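Peer 1: What shape does this take:
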Amino acid sequence: MPGRVSVRLEGDRIVSLEVETTKPGLGGRRALVAGQSGERSGVGFAPGLKALGCGALAGAMLYASFPPVGVAALVWVALVPLLALVEWAGLPWWVRYGSAWAGGLVFWVGSLVWIWELHPSAWLGWVVLGVYQSLFWPVFLGAARAIRRVFVLPLVVAAPVAWVGVDYIQAHLLSGFPWYYLAHAQYANLPLIQVADLGGAWVVTGLIVVAQVGVLRGLEAIRGIGSGWGVVGRRLRTPAVAAGLVAASLGYGWWRLGSASFEPGARVALLQSNLKQELKQSLDAEKILEIFAGLITEAHRRAEARGEAIDLYVWPETSFPYGYVWIEPGLSGEAGERAARQLNPTSTLAQWVERERFVREQLRTWVDVVGSPMLVGTLFFELTSRGATRTNVALWLEPGQENPRIYRKLHLVPFGEYIPLLDILPWIRRLAPYDETTTPRLVAGDGPRWFDYRGIRYAPTICFEDTLPHLTRRFFREMPDGKVPDVIVDQSNDGWFDGTAEHDLHLASAVFRCVELRAPLVRAVNMGYSAAIDGNGRIVAIQPKRTEGTLVARLPLDGRSSLYAEIGDLLGQVCLIGAIVAVKIRLLLAFCGRSGPYLRNVGLGCLPGRGT
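Peer 2: Model prediction:
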């Protein structure tokens, strides 16, 4: 058969083998082998079942890396079986991607079981979210393979780019769910996580993926010892590179830890109640206030006994049970009654006027008695001639101050504070434990706010806002006067989750905000963990979960800056763009019928006017 054979080698491996022939019916060029460096053929028996086992094993090990199992060291090897699927030659596409999806299901459905704690009917939301999140595993697999094939990059580059890019999608798509990053499993590994100040938690996550590619190549080297030491030596290059990067990151971390110099800051009392959500909702408001009165009194008495003063009391999210009321001056008549009915169908404007007076007097009395500011978490009810709104807020109150300063929560939690797409898809309410009368309809705030007191600037966040790196960073970029916050203060109500692994993951995520922005963070959380964390990510004081008490901590102020505060999530964005470009080109090549792995093949022979 006349024609020409073209072979491309990398080391001792065939990367591609193509035959160009003029024989009729063969269509010119045919790629007989379109592999990649590192691809392996199917193994021995039942490759489909073995591939499925690889996916499931990866999911199970990654699940065990996080609480409630919490074997954090497993995160360094958990994805090795999944990475093997990237290069496993000879697998049908549905076996490859189905195995990855199975691994995602094992991990996400198992990890998110704490969502069921919201309500007995929340099992459907748990399953739906678990299935949705699991789809990102085959997306990662496809992106990694596309990057390998299109840009002819080694797996040690393709895998972290794809994983970080997919993580970035998860952090933003459909309101975002930036939980269970690989980095979060290492939140207690202080030397390692210091590199987060360069590019965010993405850096740590990418480093962990690089290390796991090194493990995979190391296992291949061990298996190939019989092929000669030259082959083994070449296969050990990737483990050596991975080890070098990890060592360099640890070295940077030790340097950053050793160079930190903290100034003593404000003494803060973090109030932690221990109320499950159903109890919090059913308990009499006066009983709830008695709990917080006891916590404040305890902290005040302890501080006086030591001759100290508490500079700030922080309540958990929505812990003040009456809410705060603001009524537009002059509001009356039918417009006022209509606004009142919007908040409660049986209420009147006169009742809201009385509630406004009562709440203001009570909060002013509390602040004046302790003689220090309070940051109070509550709902904000606003009645105007245009209607009424509810907002989740942090109220800053100072002694002698007539009106509080207010931060309105920016990031509302889907199905907790609003139901997405409810007007378009009414059936979606079934995913949450609400009926027509109890459906939440909170309104988001319009931007960050800052509270200055005695030379210290506080940046308030509420609930899961401290898990969103891009949102927390806004408090360090959008200051009208250019003054950077000294302290992040988070108020949260984790009573929905009753001591599950959610508490641990929420705390782990908060640690990264401190390192990324080089700022201390304090958190007052119903059911815990209330904690004080320094700019190195070290937890300097903590109140155990499922306990009631007041945690008093002196804040270590950090004068350092960070690259992440300047560039934000640039690394995640670059990785996402790279993955999208690779996938698009790969799909174009597939559409054109080209199977070669070279970038030079992109669309040149199949676009209109450019050949067949």
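
Peer 1: Excluding chain neighbours, what is closest to residue 478?
Peer 2: The shortest distance from residue 478 to any non-neighbouring residue, by Cβ to Cβ, 6 or more residues apart in numbering, is to residue 448 (5.5 Å). Bear in mind the C-beta positions are built from the backbone N, C-alpha and C, glycine included.

Peer 1: Regarding the one you found, what is its secondary structure?
Peer 2: Assigned with DSSP: H, G, I helix; E, B strand; the rest coil, residue 448 falls in the coil class.

Peer 1: Can we start the residue count at 260 from this point?
Peer 2: With the count now opening at 260, the last piece we talked about shows up as residue 707.

Peer 1: tell me the phi and psi of it?
Peer 2: Phi and psi for residue 707, reported as degrees, to the nearest 10, are phi -60, psi 160.

Peer 1: tally of neighbours for it?
Peer 2: Neighbour count for residue 707, taken as other Cβ atoms under 10 Å: 21.

Peer 1: hey, where'd the helices end up in the stretch 360-509 of the chain?
Peer 2: Along the stretch 360-509 of the chain, the segments classed as helices by DSSP state H, counting those that start in this stretch run 382-393, 395-410, 414-431, 449-452, 455-458, 460-482, 488-494, 496-518.

Peer 1: And the fourth one, what does it pack against?
Peer 2: Other helices and strands packing on helix 449-452, by 3 or more Cβ pairs under 8 Å, 6 or more residues apart in numbering; DSSP states H and E, are helix 460-482, helix 496-518, helix 760-776.

Peer 1: Single out the most deeply packed of these.
Peer 2: Highest mean neighbour count of these: helix 760-776, a mean of 25 (counted as mean count of other Cβ atoms under 10 Å).

Peer 1: who does that one touch, helix- and strand-wise?
Peer 2: By 3+ Cβ pairs under 8 Å, 6+ apart, helix 760-776 packs against helix 449-452, helix 455-458, helix 728-733, strand 746-752, strand 780-785, strand 789-792, helix 822-826.

Peer 1: Compute the inter-axis angle for that helix and helix 496-518.
Peer 2: Per axes from the mean of the first three to the mean of the last three Cα atoms, to 10 degrees, the angle that helix 760-776 makes with helix 496-518 is 80 degrees.

Peer 1: Can I get helix 760-776 in CSV, CA atoms only?
Peer 2: In CSV, the C-alpha atoms belonging to helix 760-776 read as follows (Å, rounded to 0.1, in the frame of the first residue of the first chain):
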residue,chain,number,x,y,z
ALA,A,760,-19.0,18.2,59.9
GLU,A,761,-20.4,21.5,58.5
HIS,A,762,-19.0,23.3,61.6
ASP,A,763,-15.5,22.0,60.9
LEU,A,764,-15.5,22.8,57.2
HIS,A,765,-16.8,26.3,57.8
LEU,A,766,-14.0,26.9,60.3
ALA,A,767,-11.4,25.5,57.9
SER,A,768,-12.5,27.8,55.1
ALA,A,769,-12.4,30.9,57.4
VAL,A,770,-8.7,30.1,58.2
PHE,A,771,-7.8,30.7,54.6
ARG,A,772,-9.4,34.2,54.6
CYS,A,773,-6.9,35.2,57.3
VAL,A,774,-3.8,33.9,55.3
GLU,A,775,-5.0,35.3,52.0
LEU,A,776,-5.6,38.8,53.3
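
Peer 1: out of everything not next to it in sequence, what's closest to the most centrally placed residue in the chain?
Peer 2: Centroid check for the chain by Cα atoms, centre = their mean gives residue 437 as the closest residue, at 2.0 Å. What sits nearest to residue 437 in space, not counting adjacent residues and going by Cβ to Cβ, 6+ apart, is residue 430, at 3.9 Å.

Peer 1: Could you count how many residues lie near the one you found?
Peer 2: Neighbourhood size, residue 430 [other Cβ under 10 Å]: 21.

Peer 1: follow-up on the earlier one: gap between the residue nearest to residue 737 and residue 460?
Peer 2: 21 Å (Cβ to Cβ, to the nearest Å).

Peer 1: Flag the shaky bits of the stretch 410-559 of the chain, pLDDT-wise.
Peer 2: Within the stretch 410-559 of the chain, the segments meeting pLDDT under 70 span 485-490.

Peer 1: can we see that at 50?
Peer 2: Within the stretch 410-559 of the chain, no range satisfies pLDDT under 50.

Peer 1: The stretch 760-871 of the chain now?
Peer 2: Along the stretch 760-871 of the chain, the parts satisfying pLDDT under 50 run over 857, 859-871.

Peer 1: Kindly tell me how buried residue 682 is, as a neighbour count.
Peer 2: Residues near residue 682, counting by other Cβ under 10 Å: 8.

Peer 1: correction: residue 717
Peer 2: If you count neighbours by other Cβ under 10 Å, residue 717 ends up with 26.

Peer 1: Would you agree it is in contact with residue 742?
Peer 2: No. Residue 717 is beyond contact range of residue 742, at 11.7 Å (criterion: Cβ atoms under 8 Å).

Peer 1: before we move on, back to that, do you know how far the residue nearest to the centre of the chain is from residue 428?
Peer 2: In terms of Cβ to Cβ, residue 437 sits 10 Å off from residue 428.

Peer 1: Could you check how far residue 379 is from residue 537?
Peer 2: Using Cβ to Cβ, residue 379 is found at 11 Å from residue 537.

Peer 1: Could you check how far the helix or strand hosting residue 618 is from the centre of its chain?
Peer 2: According to DSSP states H and E, residue 618 maps onto helix 608-629. From the chain centre to the centre of helix 608-629 is a distance of 37 Å (Cα atoms, centre = their mean, to the nearest Å).

Peer 1: Check stretch 596-608 too.
Peer 2: Between the centre of stretch 596-608 and the centre of its chain there are 38 Å (Cα atoms, centre = their mean).

Peer 1: quick revisit: overlap in contacts, residue 717 and residue 742.
Peer 2: Both residue 717 and residue 742 are contacted by residue 709, under the criterion Cβ atoms under 8 Å, 6 or more residues apart in numbering.

Peer 1: The nearest residue to residue 780 once chain neighbours are set aside bridge partners, please.
Peer 2: In space, and not counting its chain neighbours, residue 780 is closest to residue 747: 4.1 Å by Cβ to Cβ, 6+ apart. Going by DSSP bridges, residue 747 is paired in beta bridges with residue 718, residue 780.

Peer 1: What about residue 593, how many residues nearby?
Peer 2: Neighbour count for residue 593, taken as other Cβ under 10 Å: 8.

Peer 1: try residue 426
Peer 2: 23.

Peer 1: swap in the one 10 residues further on?
Peer 2: Here the neighbour count serves as a burial measure; for residue 436 (other Cβ under 10 Å) it reads 18.

Peer 1: So it sits against residue 429, correct?
Peer 2: Yes. Shown here, residue 436 and residue 429 form a contact pair, counting by Cβ under 8 Å, at 5.6 Å.

Peer 1: overlap in contacts of these two?
Peer 2: Common contact partners of residue 436 and residue 429 (Cβ under 8 Å, 6+ apart): residue 392.

Peer 1: sorry, back to before: just put the helices and strands packed on helix 449-452 in a markdown table and tack on distance to residue 675.
Peer 2: Converted to a markdown table, those look like this (distance: least, Cβ to Cβ, whole Å):
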| stretch | distance to residue 675 |
| --- | --- |
| helix 460-482 | 24 |
| helix 496-518 | 36 |
| helix 760-776 | 13 |
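
Peer 1: what's the closest of those helices to residue 600?
Peer 2: For the helices and strands packed on helix 449-452, the distance to residue 600 is smallest for helix 760-776, at 35.9 Å, taking Cβ to Cβ.

Peer 1: relative to helix 460-482, how tilted is that closest one?
Peer 2: 100 degrees.

Peer 1: Could you tell me how far helix 760-776 lies from the centre of the chain?
Peer 2: 9 Å.

Peer 1: Next one: residue 521 from residue 568, what distance?
Peer 2: 20 Å.

Peer 1: still on that earlier bit, just put the helices of the stretch 360-509 of the chain in TSV and tack on distance to residue 613.
Peer 2: Conversion of those to TSV gives the following (distance: least, Cβ to Cβ, whole Å):
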stretch	distance to residue 613
helix 382-393	38
helix 395-410	51
helix 414-431	44
helix 449-452	51
helix 455-458	50
helix 460-482	48
helix 488-494	77
helix 496-518	55
